[in-house]
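Peer 1: predicted model follows, preceded by the sequence.
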Amino acid sequence: MLVPILLVCVFLLAWANGANDNFKGVATLYGSNTTTYRKALIWATGATLAGSLVSVVFASRLVSAFRGKGLVPEEFLGPGLLVAVAGAAAVTILLATFLGMPTSTTHALTGALVGAGLAAAGKAGVGWQALGTKFARPLLLSPVLSIGLTAIVYIGFRVARRRLGVEKETCVCVAEGQLVPLGSAAMSGVSQMAQTVPMEFGVGKLDECVERYSGRVLGIHAQGAVDIVHYLSAGAVCFARAVNDTPKIAALLFGVVALGGAASVPVLGAVAVAMAAGGWLHSRGVAENMSKHITDLNTGQGLTANLITAVLVLSASRVGLPVSTTHVSCGAIFGIGLVNGKREWATIGKIAATWLTTLPLGFGLGFGLYSALV
(Lines give C-alpha, C1' and ligand atoms only; values in the text may rest on other atoms or scores of the structure.)
Protein backbone atom coordinates (compact mmCIF):
# COMPACT_ATOMS: atom_id res chain seq x y z
CA MET A 1 0.00 0.00 0.00
CA LEU A 2 2.80 2.42 0.85
CA VAL A 3 4.69 1.91 -2.42
CA PRO A 4 2.03 3.68 -4.60
CA ILE A 5 1.93 6.51 -2.06
CA LEU A 6 5.72 6.72 -2.26
CA LEU A 7 5.55 7.00 -6.05
CA VAL A 8 3.08 9.89 -5.77
CA CYS A 9 5.19 11.65 -3.12
CA VAL A 10 8.41 11.27 -5.11
CA PHE A 11 6.93 12.70 -8.29
CA LEU A 12 5.26 15.51 -6.32
CA LEU A 13 8.69 16.29 -4.87
CA ALA A 14 10.19 16.27 -8.38
CA TRP A 15 7.47 18.69 -9.52
CA ALA A 16 8.10 20.99 -6.55
CA ASN A 17 11.85 20.83 -7.14
CA GLY A 18 11.43 21.88 -10.76
CA ALA A 19 9.08 24.72 -9.85
CA ASN A 20 11.52 26.10 -7.29
CA ASP A 21 14.86 25.27 -8.92
CA ASN A 22 14.68 25.04 -12.72
CA PHE A 23 14.87 28.78 -13.37
CA LYS A 24 17.81 29.40 -11.04
CA GLY A 25 20.38 28.71 -13.73
CA VAL A 26 18.92 31.28 -16.11
CA ALA A 27 17.94 33.89 -13.50
CA THR A 28 20.84 36.14 -14.53
CA LEU A 29 19.84 35.95 -18.21
CA TYR A 30 16.43 37.34 -17.31
CA GLY A 31 17.71 39.63 -14.57
CA SER A 32 20.25 41.32 -16.86
CA ASN A 33 17.63 41.68 -19.64
CA THR A 34 19.74 39.52 -21.93
CA THR A 35 16.57 37.67 -22.86
CA THR A 36 12.90 37.39 -21.96
CA TYR A 37 11.36 35.23 -19.25
CA ARG A 38 9.86 32.81 -21.78
CA LYS A 39 13.06 32.30 -23.76
CA ALA A 40 15.05 31.83 -20.55
CA LEU A 41 12.51 29.26 -19.37
CA ILE A 42 12.78 27.29 -22.62
CA TRP A 43 16.57 27.19 -22.31
CA ALA A 44 16.35 26.13 -18.66
CA THR A 45 13.87 23.34 -19.39
CA GLY A 46 15.98 21.83 -22.17
CA ALA A 47 19.19 21.93 -20.14
CA THR A 48 17.42 20.46 -17.10
CA LEU A 49 16.12 17.49 -19.10
CA ALA A 50 19.60 16.86 -20.50
CA GLY A 51 21.22 16.98 -17.07
CA SER A 52 18.62 14.66 -15.58
CA LEU A 53 19.27 12.02 -18.21
CA VAL A 54 23.05 12.26 -17.84
CA SER A 55 22.73 11.89 -14.06
CA VAL A 56 22.08 8.15 -14.41
CA VAL A 57 25.81 7.58 -14.84
CA PHE A 58 27.37 10.84 -13.63
CA ALA A 59 26.13 11.23 -10.04
CA SER A 60 25.50 7.73 -8.72
CA ARG A 61 27.08 8.55 -5.35
CA LEU A 62 24.20 10.89 -4.54
CA VAL A 63 21.75 8.01 -4.86
CA SER A 64 23.37 6.26 -1.91
CA ALA A 65 23.53 9.48 0.10
CA PHE A 66 19.84 10.28 -0.21
CA ARG A 67 18.61 6.74 0.30
CA GLY A 68 19.71 7.48 3.84
CA LYS A 69 22.65 5.10 3.74
CA GLY A 70 24.96 5.91 6.64
CA LEU A 71 22.44 8.39 8.06
CA VAL A 72 19.70 5.94 9.10
CA PRO A 73 20.19 2.21 9.92
CA GLU A 74 19.48 -0.07 6.95
CA GLU A 75 16.67 -1.92 8.72
CA PHE A 76 14.59 1.25 8.93
CA LEU A 77 14.95 2.22 5.24
CA GLY A 78 11.52 0.94 4.25
CA PRO A 79 8.51 2.45 2.47
CA GLY A 80 7.19 4.17 5.60
CA LEU A 81 10.35 6.16 6.21
CA LEU A 82 10.81 7.07 2.54
CA VAL A 83 7.16 8.18 2.18
CA ALA A 84 7.68 10.47 5.18
CA VAL A 85 10.89 11.88 3.68
CA ALA A 86 9.43 12.47 0.20
CA GLY A 87 6.16 13.90 1.51
CA ALA A 88 7.83 16.21 4.02
CA ALA A 89 10.34 17.53 1.49
CA ALA A 90 7.63 18.05 -1.14
CA VAL A 91 5.42 20.08 1.22
CA THR A 92 8.41 22.17 2.33
CA ILE A 93 9.47 23.05 -1.22
CA LEU A 94 5.90 23.68 -2.42
CA LEU A 95 5.36 26.15 0.44
CA ALA A 96 8.51 28.09 -0.46
CA THR A 97 7.52 28.11 -4.13
CA PHE A 98 4.06 29.43 -3.27
CA LEU A 99 5.77 32.30 -1.42
CA GLY A 100 8.10 32.92 -4.39
CA MET A 101 11.20 32.16 -2.31
CA PRO A 102 14.14 30.13 -3.69
CA THR A 103 15.05 27.39 -1.24
CA SER A 104 17.08 24.20 -1.07
CA THR A 105 15.71 20.78 -1.94
CA THR A 106 18.87 19.37 -0.38
CA HIS A 107 18.06 21.06 2.94
CA ALA A 108 14.42 19.91 2.81
CA LEU A 109 15.47 16.32 2.11
CA THR A 110 18.17 16.36 4.77
CA GLY A 111 15.80 17.71 7.41
CA ALA A 112 13.13 15.18 6.44
CA LEU A 113 15.64 12.30 6.58
CA VAL A 114 16.81 13.27 10.05
CA GLY A 115 13.27 13.83 11.33
CA ALA A 116 11.93 10.55 9.97
CA GLY A 117 15.10 8.76 11.08
CA LEU A 118 14.66 10.00 14.65
CA ALA A 119 11.03 8.92 14.66
CA ALA A 120 12.00 5.50 13.30
CA ALA A 121 15.20 4.65 15.15
CA GLY A 122 15.47 7.11 18.03
CA LYS A 123 18.36 9.43 18.79
CA ALA A 124 20.96 6.68 18.68
CA GLY A 125 19.76 5.53 15.26
CA VAL A 126 20.84 8.63 13.34
CA GLY A 127 24.37 8.79 11.97
CA TRP A 128 25.33 12.19 13.32
CA GLN A 129 28.88 11.97 12.02
CA ALA A 130 27.63 11.25 8.49
CA LEU A 131 25.19 14.14 8.84
CA GLY A 132 28.03 16.51 9.66
CA THR A 133 30.61 15.37 7.10
CA LYS A 134 28.41 14.45 4.11
CA PHE A 135 25.58 16.95 4.49
CA ALA A 136 26.02 19.87 6.90
CA ARG A 137 29.58 20.82 5.96
CA PRO A 138 29.06 21.21 2.18
CA LEU A 139 25.67 22.88 2.71
CA LEU A 140 27.16 25.51 5.03
CA LEU A 141 30.31 26.03 2.97
CA SER A 142 28.71 26.37 -0.47
CA PRO A 143 27.05 29.82 -0.13
CA VAL A 144 30.10 31.35 1.56
CA LEU A 145 32.40 29.95 -1.12
CA SER A 146 30.06 31.12 -3.87
CA ILE A 147 29.81 34.69 -2.54
CA GLY A 148 33.57 35.03 -2.10
CA LEU A 149 34.58 33.47 -5.40
CA THR A 150 32.05 35.47 -7.40
CA ALA A 151 33.14 38.77 -5.88
CA ILE A 152 36.83 38.03 -6.49
CA VAL A 153 36.38 36.70 -10.03
CA TYR A 154 34.12 39.57 -11.06
CA ILE A 155 36.65 42.15 -9.86
CA GLY A 156 39.31 40.30 -11.88
CA PHE A 157 37.09 40.24 -14.98
CA ARG A 158 36.37 43.95 -14.62
CA VAL A 159 40.07 44.81 -14.43
CA ALA A 160 40.79 42.63 -17.47
CA ARG A 161 37.92 44.20 -19.43
CA ARG A 162 39.22 47.71 -18.83
CA ARG A 163 42.78 46.78 -19.78
CA LEU A 164 41.49 45.28 -23.02
CA GLY A 165 39.71 48.54 -23.81
CA VAL A 166 36.19 47.12 -23.56
CA GLU A 167 33.90 49.81 -22.15
CA LYS A 168 30.24 50.06 -21.25
CA GLU A 169 28.00 51.83 -23.77
CA THR A 170 25.66 54.64 -22.86
CA CYS A 171 22.23 54.45 -24.41
CA VAL A 172 19.00 56.15 -25.25
CA CYS A 173 16.06 54.32 -23.72
CA VAL A 174 13.22 53.51 -26.09
CA ALA A 175 10.11 52.27 -24.32
CA GLU A 176 7.40 50.06 -25.69
CA GLY A 177 6.22 48.38 -22.53
CA GLN A 178 9.76 48.23 -21.13
CA LEU A 179 13.09 50.02 -21.54
CA VAL A 180 15.48 48.58 -24.09
CA PRO A 181 18.90 49.91 -25.19
CA LEU A 182 19.58 51.55 -28.53
CA GLY A 183 23.24 51.73 -29.54
CA SER A 184 24.77 54.66 -31.41
CA ALA A 185 24.71 52.81 -34.74
CA ALA A 186 20.95 52.51 -34.51
CA MET A 187 20.28 56.13 -33.57
CA SER A 188 19.75 57.16 -37.19
CA GLY A 189 16.94 54.64 -37.47
CA VAL A 190 14.94 55.92 -34.51
CA SER A 191 12.82 58.27 -36.56
CA GLN A 192 12.05 55.54 -39.10
CA MET A 193 10.99 53.17 -36.30
CA ALA A 194 8.72 55.82 -34.84
CA GLN A 195 6.83 56.08 -38.13
CA THR A 196 5.80 52.41 -38.00
CA VAL A 197 5.65 51.53 -34.28
CA PRO A 198 4.05 53.79 -31.63
CA MET A 199 6.76 54.51 -29.05
CA GLU A 200 7.58 56.88 -26.23
CA PHE A 201 10.99 58.52 -26.27
CA GLY A 202 13.07 59.85 -23.45
CA VAL A 203 16.58 59.94 -22.13
CA GLY A 204 16.80 57.52 -19.23
CA LYS A 205 19.38 56.90 -16.56
CA LEU A 206 22.04 54.38 -17.43
CA ASP A 207 20.97 52.00 -14.68
CA GLU A 208 17.48 51.90 -16.20
CA CYS A 209 18.81 50.52 -19.47
CA VAL A 210 20.56 47.31 -20.40
CA GLU A 211 24.30 47.90 -20.10
CA ARG A 212 26.16 46.77 -23.19
CA TYR A 213 29.86 46.41 -23.96
CA SER A 214 31.62 48.07 -26.87
CA GLY A 215 34.93 47.08 -28.44
CA ARG A 216 36.51 43.88 -29.69
CA VAL A 217 38.74 41.22 -28.14
CA LEU A 218 40.84 39.16 -30.58
CA GLY A 219 38.60 40.41 -33.37
CA ILE A 220 35.39 39.27 -31.65
CA HIS A 221 32.71 41.77 -30.67
CA ALA A 222 32.78 41.94 -26.87
CA GLN A 223 29.02 42.04 -26.28
CA GLY A 224 28.34 39.17 -28.65
CA ALA A 225 30.97 37.03 -26.93
CA VAL A 226 29.57 37.85 -23.48
CA ASP A 227 26.04 36.91 -24.56
CA ILE A 228 27.12 33.59 -26.06
CA VAL A 229 29.14 32.57 -23.01
CA HIS A 230 26.34 33.80 -20.73
CA TYR A 231 23.82 31.53 -22.47
CA LEU A 232 26.23 28.60 -22.32
CA SER A 233 26.98 29.15 -18.64
CA ALA A 234 23.27 29.42 -17.84
CA GLY A 235 22.67 26.14 -19.61
CA ALA A 236 25.59 24.63 -17.70
CA VAL A 237 24.07 25.69 -14.36
CA CYS A 238 20.70 24.12 -15.24
CA PHE A 239 22.47 21.00 -16.48
CA ALA A 240 24.62 20.78 -13.34
CA ARG A 241 21.63 21.32 -11.04
CA ALA A 242 19.72 18.52 -12.72
CA VAL A 243 22.73 16.20 -12.48
CA ASN A 244 22.94 17.01 -8.75
CA ASP A 245 19.22 16.92 -7.86
CA THR A 246 17.67 14.17 -9.98
CA PRO A 247 19.50 11.29 -8.21
CA LYS A 248 18.55 12.71 -4.80
CA ILE A 249 14.87 12.45 -5.67
CA ALA A 250 15.01 9.16 -7.57
CA ALA A 251 17.03 7.63 -4.72
CA LEU A 252 13.88 7.55 -2.62
CA LEU A 253 12.50 4.87 -4.96
CA PHE A 254 15.59 2.72 -5.42
CA GLY A 255 15.55 1.22 -1.94
CA VAL A 256 11.93 0.05 -2.19
CA VAL A 257 11.07 -0.70 -5.80
CA ALA A 258 13.01 -3.64 -7.26
CA LEU A 259 15.18 -1.82 -9.77
CA GLY A 260 18.15 -3.10 -11.69
CA GLY A 261 20.71 -0.91 -13.38
CA ALA A 262 18.73 -0.69 -16.64
CA ALA A 263 15.49 0.09 -14.81
CA SER A 264 17.06 3.18 -13.23
CA VAL A 265 16.97 4.93 -16.61
CA PRO A 266 13.16 5.12 -16.91
CA VAL A 267 12.87 6.10 -13.24
CA LEU A 268 15.30 8.98 -13.68
CA GLY A 269 13.54 9.86 -16.94
CA ALA A 270 10.16 10.06 -15.19
CA VAL A 271 11.64 12.21 -12.43
CA ALA A 272 13.19 14.46 -15.09
CA VAL A 273 9.84 14.95 -16.85
CA ALA A 274 8.14 15.84 -13.55
CA MET A 275 10.90 18.35 -12.75
CA ALA A 276 10.64 19.93 -16.19
CA ALA A 277 6.84 20.20 -15.98
CA GLY A 278 6.93 21.79 -12.54
CA GLY A 279 9.49 24.33 -13.71
CA TRP A 280 7.59 25.14 -16.89
CA LEU A 281 4.31 25.81 -15.10
CA HIS A 282 5.26 27.30 -11.73
CA SER A 283 8.63 29.10 -11.91
CA ARG A 284 7.44 32.69 -12.18
CA GLY A 285 7.45 33.77 -8.52
CA VAL A 286 10.91 32.42 -7.75
CA ALA A 287 12.18 33.77 -11.09
CA GLU A 288 11.08 37.33 -10.35
CA ASN A 289 12.63 37.39 -6.88
CA MET A 290 15.96 35.88 -7.93
CA SER A 291 16.29 37.78 -11.19
CA LYS A 292 14.98 41.23 -10.32
CA HIS A 293 14.87 41.71 -6.55
CA ILE A 294 18.29 40.75 -5.16
CA THR A 295 20.54 43.14 -7.09
CA ASP A 296 20.73 44.91 -10.45
CA LEU A 297 22.71 42.90 -12.98
CA ASN A 298 24.38 43.70 -16.26
CA THR A 299 25.36 40.98 -18.69
CA GLY A 300 28.97 40.72 -17.50
CA GLN A 301 27.90 40.39 -13.88
CA GLY A 302 25.31 37.76 -14.79
CA LEU A 303 27.92 35.82 -16.75
CA THR A 304 30.33 35.82 -13.80
CA ALA A 305 27.69 34.59 -11.35
CA ASN A 306 26.67 31.77 -13.70
CA LEU A 307 30.23 30.63 -14.35
CA ILE A 308 30.96 30.32 -10.62
CA THR A 309 27.66 28.52 -9.99
CA ALA A 310 28.22 26.03 -12.82
CA VAL A 311 31.77 25.20 -11.71
CA LEU A 312 30.84 24.70 -8.05
CA VAL A 313 27.68 22.64 -8.61
CA LEU A 314 29.09 20.41 -11.34
CA SER A 315 32.26 19.80 -9.33
CA ALA A 316 30.18 18.87 -6.29
CA SER A 317 28.12 16.42 -8.34
CA ARG A 318 31.27 14.76 -9.64
CA VAL A 319 32.61 14.04 -6.15
CA GLY A 320 29.23 13.22 -4.60
CA LEU A 321 28.82 16.28 -2.34
CA PRO A 322 25.15 17.27 -1.90
CA VAL A 323 25.55 21.06 -2.22
CA SER A 324 22.52 23.26 -2.66
CA THR A 325 22.24 24.82 -6.11
CA THR A 326 20.00 27.43 -4.52
CA HIS A 327 22.66 28.50 -2.06
CA VAL A 328 25.37 28.53 -4.71
CA SER A 329 23.36 30.46 -7.34
CA CYS A 330 21.87 32.96 -4.87
CA GLY A 331 25.26 33.29 -3.20
CA ALA A 332 26.81 34.18 -6.56
CA ILE A 333 24.20 36.91 -7.10
CA PHE A 334 24.78 38.15 -3.53
CA GLY A 335 28.49 38.30 -4.39
CA ILE A 336 27.76 40.57 -7.36
CA GLY A 337 25.67 42.76 -5.07
CA LEU A 338 28.64 43.14 -2.73
CA VAL A 339 30.75 44.45 -5.59
CA ASN A 340 28.26 46.70 -7.38
CA GLY A 341 26.77 48.11 -4.17
CA LYS A 342 23.19 47.49 -5.31
CA ARG A 343 21.43 45.19 -2.88
CA GLU A 344 17.79 44.82 -1.91
CA TRP A 345 18.07 43.82 1.72
CA ALA A 346 14.36 43.13 2.14
CA THR A 347 14.45 40.35 -0.46
CA ILE A 348 17.79 39.03 0.79
CA GLY A 349 16.38 38.89 4.32
CA LYS A 350 13.32 36.93 3.17
CA ILE A 351 15.49 34.46 1.28
CA ALA A 352 17.77 34.02 4.29
CA ALA A 353 14.76 33.40 6.54
CA THR A 354 13.49 30.79 4.10
CA TRP A 355 16.87 29.04 4.14
CA LEU A 356 16.95 29.03 7.95
CA THR A 357 13.47 27.50 8.23
CA THR A 358 13.69 24.92 5.43
CA LEU A 359 15.68 22.29 7.33
CA PRO A 360 13.70 22.48 10.61
CA LEU A 361 10.40 22.49 8.71
CA GLY A 362 11.48 19.38 6.78
CA PHE A 363 12.61 17.83 10.07
CA GLY A 364 9.29 18.46 11.81
CA LEU A 365 7.21 17.25 8.87
CA GLY A 366 9.38 14.15 8.42
CA PHE A 367 9.09 13.25 12.09
CA GLY A 368 5.34 13.85 12.13
CA LEU A 369 4.59 11.98 8.91
CA TYR A 370 6.58 8.92 9.94
CA SER A 371 4.91 8.88 13.34
CA ALA A 372 1.50 9.07 11.68
CA LEU A 373 2.22 6.38 9.09
CA VAL A 374 3.99 3.72 11.13
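Peer 2: Sure, I can see it.
Peer 1: how far away is Val85 from Thr48?
Peer 2: Separation of Val85 from Thr48 (C-beta to C-beta, to the nearest Å) stands at 22 Å. Backbone N, C-alpha and C define where each C-beta goes, glycine included.
Peer 1: and these two? which has more neighbours close in?
Peer 2: Between Val85 and Thr48, Val85 has the larger neighbour count (other C-beta atoms under 10 Å), namely 36 against 30.
Peer 1: quick one: contacts for the more buried one?
Peer 2: Residues in contact with Val85 (C-beta atoms under 8 Å, 6 or more residues apart in numbering) are 68, 109, 112-113, 116, 252, 366.
Peer 1: quick check, nearest of the residues you listed to Gly335?
Peer 2: Gly335 lies nearest to Leu109 out of the contacts of Val85, by C-beta to C-beta, at 25.7 Å.
Peer 1: my guess is that closest one contacts Leu365, does it?
Peer 2: No - applying C-beta atoms under 8 Å as the test, Leu109 and Leu365 come out as separate, 11.4 Å apart.
Peer 1: the two - which one has more neighbours?
Peer 2: Legend: neighbour count by other C-beta under 10 Å for Leu109 and Leu365, higher for Leu109 (33 against 24).
Peer 1: so what's the more buried one up against?
Peer 2: Leu109 sits next to 66, 85, 89, 248, 362 when contact means C-beta under 8 Å, 6+ apart.
Peer 1: what subset of those is buried?
Peer 2: Of the members of those, the ones counted as buried by neighbours, 16 or more other C-beta atoms under 10 Å, are 66, 85, 89, 248, 362.
Peer 1: one step back: helices - which of the contacts of Val85 land there?
Peer 2: Secondary structure assignment by DSSP state H places 109, 112-113, 116, 252, 366 of those in helices.
Peer 1: show the pLDDT at the closest residue to Thr105 other than its chain neighbours.
Peer 2: Closest residue to Thr105 apart from its sequence neighbours, by C-beta to C-beta, 6 or more residues apart in numbering: Asn17 at 4.8 Å. pLDDT recorded at Asn17 is 93.
Peer 1: and Asn17, what element?
Peer 2: When elements are assigned from DSSP states H and E, Asn17 belongs to helix 2-21.
Peer 1: so Ile5 touches Val83, yeah?
Peer 2: Yes - at 5.4 Å, Ile5 and Val83 qualify as touching, with contact defined as C-beta under 8 Å.
Peer 1: lowest-confidence entry in the buried ones among the contacts of Leu109?
Peer 2: Phe66 (50).
Peer 1: give me the neighbour count for the residue nearest to Ile93 when sequence neighbours are not counted.
Peer 2: Closest residue to Ile93 apart from its sequence neighbours, by C-beta to C-beta, 6+ apart: Ala16 at 3.9 Å. Neighbours of Ala16 under the rule other C-beta under 10 Å: 27.
Peer 1: nice, that's everything, thank you.
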